[in-house]
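# My questions concern the predicted model and sequence given below.
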Amino acid sequence: MGIATNRDSYVYSFDSTQLCDRVSIFIDIYNSAVDKLRRSKEFDPVTLIDTTDPRIKWTRQVKASLENLKYNEFDEAFIRTCLYRPFTRKKLYFDDFWNEERYRQPMLFPTGEAINVAICLTVLGSEKPFMVLVTNVIPDLHLVGAGCGTQCFPYYTYAEDGSSRRENITDWALSQFQAKYGPEVTKWHIFHYVYAMLHHPQYREHYAENLKRDLPHIPLLHRKEAFLACVRIGQQLIDIHLRYEQAKEYPLKWVENNDVPFSWHVEKMKLAPDKAAVIVNGSLTLAGIPQECFACRLGNRSALEWVIDQYQVSIDKRSGIVSDWESVLVREEEKMGIPCEIPNFTCFVYTRGLCLKSHERRGNRLYLIIFKPHWLLELCSLQSNEVKTKRLLNIIGNGINRLNCPIESPERAVTGHLYRTACWIDVLLLHTACLLSWGILACRSYRML
């Protein structure tokens, strides 16, 4: 089963720094109550529990720990990555003291370094339609929302300290597959095959009623070629569902609203009425969404609809906690260097040989890093010159909103002033004259993973 915290807004966050601060606060509040109870036995534990305090949530397990006078300490090692909703990863405070039920997750993902892959299914009796999704991090119990539990079938199991790793597919099962399809079949082949079959439309349709009241039963296909095809498809699906952030971007049409100043800030995205476009904010719409992407459902939503639902600014009514995924990007910008604001961009100027992902000799060169959520553009000049730097920033600032052309590769730097990618990211490329007169040696873009 996935993890049930009973205090999601307190122990989940996109921002690990904010999560650490939040957890430290409610641990201090709890320990203070334990101190009072230890100092005087006249205190009734019930009187020490302030259910109106929005900084802490008192649940059954925490109340029982208070009565038993148990202290708790914050441990940063408990900050773990989790799959909160489909294609939505957050940071989780994975401590049994503050998680109401962890079930067997410590045996699947005992430490942050433990490697594992688990197939997640809807539990029996769920209100949502049958769904399946793979994960390599801790999943939430309500992976596709309330009214639907999540059951996990991992490839490995561990001891809770991360030792004693064992394959979860038995040798008996392996022998059955090898007898049917040949001795070259491995346990990973079986795992990939199962994942493919659980996604197969004909399997879903044929066993629809069975899947409502029983765990999936996986048939063995008659032909070896069909089995190997399912193994290949299952492997591809797992790769897509785990590494979707590294997948090739689908080309969408970039539609800007010239009546609204351009902004990257997102409060809440939404689909157009015909579901052919995503309205990112008042200044930007991404059009050309294929309708096929709504065919695959995870619970009651498609993958795109889950992303739109989760990647928005929301406020928990009880605690007032703000969930804002953009806060992580802002914090990363602050870590990278000294900000110099220009329209739609934050530039970082390094004058002491600091540069990301470059192995060239530094010397006295100037490095200008232009940061957006997923890309870096590195412009290297022969020597540091403050006047030329300011001129460069001015050209970028003045030209950013005027040109709107497609780009296929950074090598097209010499063909124009400025190009814009089709989705999300602005890549600045300077005119040939700038490259020659200012001695620009390189212009390379890097994917930020």
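Sure thing, it's come through.
# helices and strands of this protein: which one bottoms out on pLDDT?
Every helix and strand in the chain was compared by mean pLDDT, DSSP states H and E; the lowest is strand 419-420, with a mean of 30.
# And for residue 126, the neighbour number?
A count of neighbours around residue 126, defined by other CB atoms under 10 Å, yields 20. Using the backbone N, CA and C atoms, a C-beta is placed for each residue, glycine as well.
# In contact with it, which residues?
For residue 126, the contacting residues are 147-149, by CB atoms under 8 Å, 6 or more residues apart in numbering.
# And residue 325, how far from residue 282?
Note on residue 325: its distance to residue 282, by CB to CB, to the nearest Å, is 19 Å.
# Check residue 184 too.
Separation of residue 184 from residue 282 (CB to CB): 57 Å.
# Compare the two and say which one has the larger neighbour count.
Each of residue 184 and residue 282 has its neighbours counted (other CB under 10 Å); residue 282 has more, 14 against 8.
# which one is that one nearest to, not counting chain neighbours?
Spatial nearest neighbour of residue 282, excluding adjacent residues (CB to CB, 6 or more residues apart in numbering): residue 260 at 4.5 Å.
# doesn't residue 283 make contact with that neighbour?
Yes - the pair residue 260 / residue 283 is scored as a contact, 4.3 Å apart, by CB atoms under 8 Å.
# Go over the secondary structure and confirm the residue nearest to residue 282 is in a helix.
No - assignment of residue 260 by DSSP: H, G, I helix; E, B strand; the rest coil gives coil, placing it outside any helix.
# so how many other residues sit close to it?
11.
# try the one 10 residues further on
Here the number of neighbours of residue 270 (other CB under 10 Å) works out to 13.
# Domain parsing of the chain, as residue ranges.
Here the domain parsing of the chain from automatic domain parsing is 8-167, 171-246, 337-447.
# what about residue 284, distance to residue 251?
Going from residue 284 to residue 251 by CB to CB gives 16 Å.
# out of these two, which sits in the more crowded spot?
Between residue 284 and residue 251, residue 284 has the larger neighbour count (other CB under 10 Å), namely 19 against 11.
# ok, for the more buried one, nearest residue in space, not its chain neighbours?
Spatial nearest neighbour of residue 284, chain neighbours left out: residue 256 (5.9 Å); criterion: CB to CB, 6+ apart.
# again with residue 103
Distances taken as CB to CB, 6+ apart place residue 1 nearest to residue 103, at 4.0 Å, with adjacent residues excluded.
# tell me the contacts of the one you found?
By CB under 8 Å, 6+ apart, the neighbours of residue 1 are 101, 103-105, 123, 141, 149-152.
# Show me the helices in the stretch 251-400 of the chain, by range?
Ranges of helices within the stretch 251-400 of the chain are 303-310, 326-336, 386-399, based on DSSP state H, counting those that start in this stretch.
# Compare the mean pLDDT across those helices and name the weakest.
Mean pLDDT is lowest for helix 386-399 among the helices of the stretch 251-400 of the chain, at a mean of 46.
# ok, residues contacting the helix or strand hosting residue 24?
Assigned by DSSP states H and E, residue 24 belongs to helix 16-39. Under the contact criterion CB under 8 Å, 6+ apart, helix 16-39 has outside partners 10-13, 43, 45, 48-49, 53, 55-57, 62, 66, 69-74, 76, 79, 91, 93, 98, 321, 327, 331.
# Closest to the centroid, which residue in the chain?
In the chain, the residue lying closest to the centroid (CA atoms, centre = their mean) is residue 89, at 3.3 Å.
# low-confidence ranges in the stretch 201-350 of the chain?
Scanning the stretch 201-350 of the chain for pLDDT under 70 picks out 329-350.
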